[in-house]
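S.K.: no FASTA, just this:
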């Protein structure tokens, strides 16, 4: 089965609380915000003032943003519900 079709079988149940925390005191000094560029799910975006907005419900738990963050301002724990992989 092709990757795109397999990804379409994933079921994501979103919890009520974010599993991602950001140290905004550190993050505000980051100009490029690489987390917004590497996240395949669009979990991270910066507003007009370059303040990071986290859409935790979009996260696919790949960890790309954690590695891309040059200052270590992102913290992650696996969410209560997470993703259920349902490959056929």
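M.R.: All right, it came through fine. Predicted model only: the values in this text are computed from it and were never measured.

S.K.: which elements pack onto the host helix or strand of residue 5?
M.R.: Under the criterion of DSSP states H and E, residue 5 resides in helix 3-7. Counting contacts by 3 or more Cβ pairs under 8 Å, 6 or more residues apart in numbering; DSSP states H and E, helix 3-7 packs against no other helix or strand. All C-beta atoms are positioned from the backbone trio N, CA, C, and that covers glycine.

S.K.: kindly provide the whole-number mean pLDDT of that helix.
M.R.: The pLDDT scores in helix 3-7 average 75.

S.K.: and the pLDDT for the spatially closest residue to residue 60 that is not a sequence neighbour?
M.R.: Nearest residue to residue 60, sequence neighbours excluded (Cβ to Cβ, 6 or more residues apart in numbering): residue 41, at 4.8 Å. On the pLDDT scale, residue 41 is placed at 92.

S.K.: can you pull the contacts of residue 41?
M.R.: 58-60, 62 (Cβ atoms under 8 Å, 6 or more residues apart in numbering).

S.K.: roughly how far is stretch 66-81 from the heart of the chain?
M.R.: 8 Å (Cα atoms, centre = their mean, to the nearest Å).

S.K.: same question, stretch 49-58
M.R.: That offset, for stretch 49-58, works out to 9 Å (Cα atoms, centre = their mean).
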